[in-house]
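K.L.:
test case, fold it:
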Amino acid sequence: MKPHILEVGDQLGIVLQDVSEGSLLLDGVTAVQDISRNHKVALKDIPAGSVVRKFGQPIGVAQCDIDAGSWVHVHNLGFSTDLGALGQGTESELSGDVIPERRTFMGFRRANGKVGTRNYVGIIASVNCSATVCRAIASRAERAFADRFPDIDGFVPITHDSGCGIAMSGEPFEILQRTINGYIQHPNFAGVVLVGLGCEVNQIKNYAMSEAVKDKRLSLNIQDAGGTSETIKSALGLIEEMCINISASEQREEVSVEHLVLGLQCGGSDGLSGITANPALGRATDYLVAAGGTAILSETPEIFGAESLLISRSSSDVADQLRACLDWWLKHSEQNQVSLDNNPSPGNKAGGLTTILEKSLGAVSKAGATPLRAFYKYAETVKQAGLVFMDTPGYDPVSATGQVAGGANVVAFTTGRGSCFGSRPAPCIKLASSTDLYRRMQDDMDIDCGQIISAATPMDEMGLQIYHRLLDVASGEKSKSEELGYGDNEFVPWRFGAVL
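P.N.:
Okay, the predicted model is just below:
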C-alpha cells in the first residue's frame, strides 16, 4: 500500500501498514528501514534545518539530513516554539449541502429554558470532606429508588479533592466555584443535592438555588445535619421527594438541535487521528452548527501551532483573545519549567505523532470548517451558538469537566490508542481512528472512523454518521461508556495555585 499523502507539497507520507526495509513505497522511493504503521516516511530528501510540513503546516525541524524513504520521528524531527508563527490559515470550505434534514432530538425541557439529554439526580460535594458521604448517598439512592423511579437515569456523585486549603479569592477559587455552579445548573441534572461539611472555604451558601427549581436544587451540611449517618438519611428523604416531583414533571419531548451543546474532545491520539476520526468529527461539527447547534473546542495546549487555522475564521476580537490565551500558556509552561512539546504522551508517539505541532493539527480538525464565534474562560457558561472555544488544559478529564460545566450536554471523544472515558452527566460517544482499534475495543468504541481508510468511506458520510449517533444518544440511547458505567470519577476541575 502506498503512503497516504495528506497535502500536495508535504515532504511526508503516512504508511498505513507495517513496512519492511527495502519495500518500494513510490516510484523512486524505497523504505530505508522498517517503519511501523501510522508513522511518517520522508517522500523526498529533507536537508538538516529544514522546516518539515504535514497538512501543509509546519510540524518540526529536521535535526539532520533525512533521506527519502526514511522513518521520520523523534530521532530526526525536532520542535521549536518559533514554528507556531509559521502556520498559515487556510480558506475554510464546507463541502456539499451542509444542513442535514434531521434537526431535532428528544430532550428534557428545563425551567430555565435549557434542554437536558439525561434525567439524572446529582449529589455534589462542595469540598473533599463531603466526598465519601456523597458517594454513599448516591449508592443508597440507586438501590432504593432506581426501580421505583424508572424515569430517573441514575444518581451521580460529583466529588473532587478541593474546596478547602485554598484562598477565598482569586482565580483558582473562582474556577472551582464556576465549575461546581455549572454542574448544579446543568440541564442533564433534573435535581441536585449539594453537600458540604460546614467549615470549608467553599461554603454552600455561595451557591444560589433558583426559585424556579427550589424543590429540585437542595443543600445540606454534614455538621449541621448531625454527622454522616444523619446526613445520608436526610439526603435520601430529600431525594425521594425530589424524584416524585421529577417523575411528575420531566418527560422527553421533541426539541430543536439548537439546544444541543457538544463538547469536542480527543485523547490517546495516533498517526491516523488527524486523518480519520478528528476530521470526521469536524464534519459532524459542521452539520451540527449548520442545524443551529453549538460545539465547544478546547484543550488550548493542543491548538498551539495550529491556531492560525482558527484565527483565519474568527472575528478580530475572538482572534485577539485566542492569541492572548496562547501567550499565557507559553508563559505558564515556562514558569513551571515544562515545554508545550511535552504534551505528546508516550502513547501518542508510539502511535506515530512526534511534536505538539503535529498533534495540534489533528486536534483542530475536530472543529470542522465553520467560523469560530466566541471565546470563553474555563467553565464559563456558553451562551453563543455555533463553534466556540473554551480555554482548558489538554488533560482530558479537566478539559471535559470545563466543557460540561459550561453547558455541554453531550461529548464526542476521538481516540487512536483507545481511551476509556465517561463524562456524567453528559453522555460521551467514542470515535476510533482505526478499524483495528474499533475491533479490539468494541466494548468502548461507538463508531469506527477507520472506515475512511479501510473501506474508503467518504468523509461527509462518516461525519453524518457521527451526527446521527449524537442525536440518537442525546435522545436517550446509551453510549458505550455509559453501558460500562464510566463517568463518576472523571469530574476533575482545573486546579492550580497554592494549597494552604
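
K.L.:
what about the stretch 251-400 of the chain, any weak spots by pLDDT?
P.N.:
Along the stretch 251-400 of the chain, the model assigns pLDDT under 70 to residues 343.

K.L.:
apply 80 and report the result again.
P.N.:
For the stretch 251-400 of the chain, applying pLDDT under 80 flags the ranges 341-344.

K.L.:
same question, the chain
P.N.:
Scanning the chain for pLDDT under 80 picks out 1-9, 80-98, 208-215, 341-344, 498.

K.L.:
please parse it into its domains.
P.N.:
Here the domain parsing of the chain from automatic domain parsing is 12-78, 120-249, 255-484.

K.L.:
of these, flag the one that's most buried.
P.N.:
Counting by mean count of other CB atoms under 10 Å, domain 255-484 has the highest mean neighbour count of the domains of the chain, with a mean of 22. C-beta coordinates here come from the backbone N, C-alpha and C atoms, glycine included.

K.L.:
what about it, start to end distance?
P.N.:
Distance across domain 255-484, first residue to last, is 28 Å (CA to CA, to the nearest Å).

K.L.:
sorry, back to before: compare the domains of the chain and give me the one nearest His4.
P.N.:
Of all those, it is domain 12-78 that lies closest to His4, at 4.4 Å by CB to CB.

K.L.:
as CSV, the domains of the chain with distance to Phe496 would be great.
P.N.:
Shown next, in CSV, are the domains of the chain (distance: least, CB to CB, whole Å):
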stretch, distance to Phe496
domain 12-78, 29
domain 120-249, 6
domain 255-484, 8
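
K.L.:
quick one, helices of the stretch 151-300 of the chain?
P.N.:
Using DSSP state H, counting those that start in this stretch, the helices of the stretch 151-300 of the chain run over 171-184, 222-225, 228-249, 277-290.

K.L.:
among those helices, which is nearest Ile152?
P.N.:
Ranking those by proximity to Ile152 (CB to CB) places helix 228-249 first, at 5.7 Å.

K.L.:
nearest to Val74, of the helices of the stretch 151-300 of the chain?
P.N.:
Checking the helices of the stretch 151-300 of the chain against Val74 by CB to CB gives helix 277-290 as the closest, at 21.4 Å.

K.L.:
hey, C-alpha coordinates of that closest one in CSV?
P.N.:
Taking Å, rounded to 0.1, in the frame of the first residue of the first chain, the C-alpha atoms of helix 277-290 are listed here in CSV:
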residue,chain,number,x,y,z
ALA,A,277,-11.6,10.4,13.5
ASN,A,278,-10.8,14.1,14.1
PRO,A,279,-11.8,15.5,10.6
ALA,A,280,-14.8,13.2,10.6
LEU,A,281,-15.9,14.8,13.9
GLY,A,282,-15.2,18.1,12.2
ARG,A,283,-17.7,17.3,9.5
ALA,A,284,-20.3,16.4,12.2
THR,A,285,-19.5,19.7,13.9
ASP,A,286,-20.2,21.5,10.6
TYR,A,287,-23.6,19.7,10.3
LEU,A,288,-24.5,20.4,14.0
VAL,A,289,-23.6,24.1,13.7
ALA,A,290,-25.5,24.5,10.4
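
K.L.:
can you tell me which helices and strands the top strand by length along the chain packs against?
P.N.:
In the chain, with assignment by DSSP state E, the single longest strand is strand 189-196. Here strand 189-196 touches strand 120-125, helix 131-145, helix 171-184, strand 217-221, helix 228-249, going by 3 or more CB pairs under 8 Å, 6 or more residues apart in numbering; DSSP states H and E.

K.L.:
so which of those comes closest to Val61?
P.N.:
With CB to CB as the criterion, Val61 lies closest to helix 171-184 of the helices and strands packed on strand 189-196, at 35.3 Å.

K.L.:
list the helices and strands that closest one packs on?
P.N.:
Judged by 3+ CB pairs under 8 Å, 6+ apart, helix 171-184 is in contact with strand 120-125, strand 189-196, helix 396-406.

K.L.:
how about residues contacting the shortest one?
P.N.:
What it means is strand 120-125. Residues outside strand 120-125 that contact it (CB atoms under 8 Å, 6 or more residues apart in numbering) are 131, 133-134, 137-138, 141, 152-160, 163, 180, 183-184, 186, 188-196, 235, 239, 242-243, 246, 424-425.

K.L.:
redo that, cut-off 7 Å
P.N.:
The contact list for strand 120-125 (CB atoms under 7 Å, 6 or more residues apart in numbering) reads 131, 134, 137-138, 152-160, 180, 183-184, 188-195, 239, 242-243, 424-425.

K.L.:
swap in the last one?
P.N.:
Here helix 396-406 makes contact (CB under 7 Å, 6+ apart) with 178-179, 182-183, 186, 263, 265, 267, 296, 298-299, 376, 378-382, 390, 392-393, 411, 419, 421, 423, 426, 490-494.

K.L.:
the next helix or strand after that helix pairs with which strands?
P.N.:
For helix 396-406, the following helix or strand on the C-terminal side (DSSP states H and E) is strand 410-415. Here strand 410-415 is paired, per DSSP bridges, with strand 261-266 (parallel), strand 428-432 (parallel).

K.L.:
redo those as TSV? Include distance to Asp286.
P.N.:
Shown next, in TSV, are the strands paired with strand 410-415 (distance: least, CB to CB, whole Å):
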stretch	distance to Asp286
strand 261-266	12
strand 428-432	15
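
K.L.:
out of the ones you listed, which comes closest to Leu309?
P.N.:
Closest approach to Leu309 among the strands paired with strand 410-415 (CB to CB): strand 261-266, 14.3 Å.

K.L.:
quick check: angle from the closest one to helix 277-290?
P.N.:
If you take axes from the mean of the first three to the mean of the last three CA atoms, to 10 degrees, strand 261-266 sits at 170 degrees to helix 277-290.

K.L.:
residues in contact with strand 261-266?
P.N.:
Outside of strand 261-266, the residues within contact range by CB under 7 Å, 6+ apart are 273, 278, 281, 285, 288, 293-297, 363, 366-367, 382, 396, 399-400, 403-404, 407-415, 426, 470.

K.L.:
where's the nearest residue to Gly416 once chain neighbours are set aside relative to His468, distance?
P.N.:
Among residues not flanking Gly416 along the chain, Asp270 sits closest, at 2.9 Å (CB to CB, 6 or more residues apart in numbering). In this view, Asp270 and His468 are 25 Å apart by CB to CB, to the nearest Å.

K.L.:
just give the closest residue to Met441, not the sequence neighbours.
P.N.:
Spatially, and ignoring its direct neighbours in sequence, Met441 is nearest to Gly418 (4.9 Å; CB to CB, 6+ apart).

K.L.:
OK, contacts around Met106?
P.N.:
Arg252, Glu253, Glu254, Ser475, Gly476.

K.L.:
wait, the second one touches Arg109, no?
P.N.:
Yes. Counting by CB atoms under 7 Å, Arg109 is a contact partner of Glu253 at 6.4 Å.

K.L.:
doesn't Ala235 make contact with Arg140?
P.N.:
No. If you go by CB under 7 Å, Arg140 and Ala235 don't touch, sitting 8.7 Å apart.

K.L.:
isn't Ile239 right next to Glu142, touching?
P.N.:
No. Under the criterion of CB under 7 Å, Ile239 makes no contact with Glu142, lying 10.4 Å away.

K.L.:
that older thread, ok, of the contacts of Met106, which one's closest to Asp444?
P.N.:
Nearest to Asp444 among these: Gly476, at 20.2 Å, using CB to CB.

K.L.:
checking that closest one next. Helix, strand or coil?
P.N.:
What DSSP: H, G, I helix; E, B strand; the rest coil gives for Gly476 is coil.

K.L.:
what distance do you get for it to Leu330?
P.N.:
Counting by CB to CB, the gap from Gly476 to Leu330 is 43 Å.
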